[in-house]
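Chemist: got a predicted structure here, sequence first:
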Amino acid sequence: MHSATPSPHQPLARAHDFLRRRFGWASCAAYAAAAVLPAPGMWLRHDHSVSMGGPLPVGVSASQVLLATVLFMAGLRVRPRALAGLLRRPRVLVAGLALHLTAPLLILPLVAVALRCCPDSDGGSGMIAAMILTVAMPVAAGATVWTGQGRGDEPAILGLVLASTFLSPLTLPATAGILSRLLSTDYAGAVATAAHAASGGFALTGVLLPCAAGIGCRLLLSDRARRGVLPVAAPAATLAALLLTYVNASGAIGQFLTHPRPLLLLASTATAATVCVLSFGWGRCCSRVLRMSGPAGTSVTLACGMSNSSAGAVLITTAMPDRPQILLPVLAFSLLQKLAASRATRWRPVPAAG
């Protein structure tokens with residue numbers, strides 16, 4: 001009897017599984033690295049000219065490349081048959097998308113009222129602007145990690161990531177336009193600029209295109225090539241996400257360490273925690289009211305609570321490069337939503353109706 005030949009990807013798979021189970025702690029380590037050694041991350045945040053063979057160099061930032069890598073790998077891991085199966089049961093897709101889009105409109109006005117007493121000089125407009133450009137983003141591609149290791153419906157969350165991303169050129173500017181009334185004139189203009197960037201192609205080229213490219217590559221790959229590439233896709237996406245966390249954190253944390261503002265840090269963390277708890281709570285309560293089954297309800301909850309904070313941070317950095325301090329609530333939200341997702345996948349299933 002011959003023993004089975006071990007797969008060359010087994011050590012990589014074990015290492016990735018170890019890292020994925022401790023992804024929250026790994027994110028904290030990325031934040032700590034940004035605090036101890038912010039200079040490389042701050043350098044990577046800036047655009048760098050790359051010659052593409054044309055008459056003019058093209059500006060490329062590490063944040064954009066890393067975000068595209070995460071989304072490309074998420075698309076590469078999508079099973080086309082599983083996505084096609086969603087068309088036969090659109091209830092979960094419609095409910096998750098509706099809750100994800102309505103959560104910012106219901107939650108952020110309440111938070112804005114509470115922030116009138118914020119220690120920041122703008123009455124919390126900076127933090128609300130950051131939250132608008134974060135929670136209005138599509139469902140985070142990282143949500144698929146939690147459905148894969150928990151009890152969520154993985155095809156459903158993949159469909160929600162793609163559907164929310166596909167609609168984001170319309171929904172993001174619309175949401176930002178409605179909620180910009182909560183902001184001071186200065187920040188309202190900056191949010192309008194960011195929304196214009198989103199509708200002008202950021203969501204298409206920065207979010208949807210990499211994801212679609214990953215799906216297309218999976219369809220074109222042979223079975224043998226797919227078996228060789230797919231085991232590497234998840235670890236690559238995880239490492240890119242951690243590096244993106246470090247790059248995004250370096251700008252905000254580096255600025256904070258240079259000019260410490262403890263009250264602003266406390267207010268940013270409290271704001272992010274409030275938005276995170278209310279978003280996950282909104283998704284959980286509505287999934288119970290709709291009597292969704294356990295896996296479907298968990299996926300809807302994740303879709304409601306998890307926004308693509310990395311894309312939001314990239315958009316904020318692009319539209320407001322002179323205000324790195326408003327990345328503080330985004331970074332806090334990014335970490336807190338991972339902790340909340342870990343909790344959400346441990347909730348008891350909701351019995352199916354009937």
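Modeler: That came in fine, so what should we check first? Numbering: from 1, shown residues only.
Chemist: drop to CA atoms for contacts and neighbour counts, all remaining ones
Modeler: Fine.
Chemist: before we move on, which element is Ala141 in?
Modeler: Under the criterion DSSP states H and E, no helix or strand holds Ala141.
Chemist: could you export stretch 224-233 as CSV, CA atoms only?
Modeler: C-alpha atoms of stretch 224-233 as CSV (Å, rounded to 0.1, in the frame of the first residue of the first chain):
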residue,chain,number,x,y,z
ARG,A,224,-4.8,21.6,-13.5
ALA,A,225,-3.9,25.3,-13.4
ARG,A,226,-6.9,26.0,-11.1
ARG,A,227,-5.7,23.3,-8.7
GLY,A,228,-2.3,25.0,-8.6
VAL,A,229,-3.5,28.6,-8.2
LEU,A,230,-6.5,28.4,-5.9
PRO,A,231,-4.6,27.2,-2.8
VAL,A,232,-2.4,30.2,-3.1
ALA,A,233,-5.3,32.7,-3.6
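Chemist: which parts of it are buried?
Modeler: Residues 226, 229, 231, 233 are the ones in stretch 224-233 that count as buried (16 or more other CA atoms under 10 Å).
Chemist: distance of the third one from Thr345?
Modeler: Read that as Pro231. Here the criterion is CA to CA, to the nearest Å. By it, Pro231 lies 23 Å from Thr345.
Chemist: out of the buried residues of stretch 224-233, which comes closest to Thr144?
Modeler: Ala233 (13.0 Å; CA to CA).
Chemist: and that closest one, what element?
Modeler: helix 223-258.
Chemist: buried set for the helix or strand just after that helix?
Modeler: For helix 223-258, the following helix or strand on the C-terminal side (DSSP H and E) is helix 262-289. The neighbour-count criterion (16+ other CA under 10 Å) identifies 264-265, 267-269, 271-273, 275-276, 278-284, 286-288 as the buried residues of helix 262-289.
Chemist: what angle sits between helix 262-289 and helix 223-258?
Modeler: With axes from the mean of the first three to the mean of the last three CA atoms, to 10 degrees applied, the angle from helix 262-289 to helix 223-258 works out at 140 degrees.
Chemist: backbone dihedrals for the closest residue to Leu208 other than its chain neighbours, please?
Modeler: Among residues not flanking Leu208 along the chain, Thr165 sits closest, at 5.8 Å (CA to CA, 6 or more residues apart in numbering). As for Thr165, its main-chain torsions (degrees, to the nearest 10) stand at phi -70, psi -40.
Chemist: now for Thr165: which residues touch it?
Modeler: For Thr165, the contacting residues are 137-139, 203, 207-208, by CA atoms under 8 Å, 6 or more residues apart in numbering.
Chemist: the same query, at a cut-off of 7 Å, please.
Modeler: Contact analysis of Thr165 by CA atoms under 7 Å, 6 or more residues apart in numbering lists 138, 207-208.
Chemist: gap between the spatially most central residue of the chain and Leu220?
Modeler: Nearest to the geometric centre of the chain sits Asn308, at 2.0 Å (CA atoms, centre = their mean). For Asn308, the distance to Leu220 equals 27 Å [CA to CA].
Chemist: got it, and Leu86?
Modeler: Distance from Leu86 to Leu220, by CA to CA: 22 Å.
Chemist: so which of the two has more stuff around it?
Modeler: Leu86 (17 against 11; other CA atoms under 10 Å).
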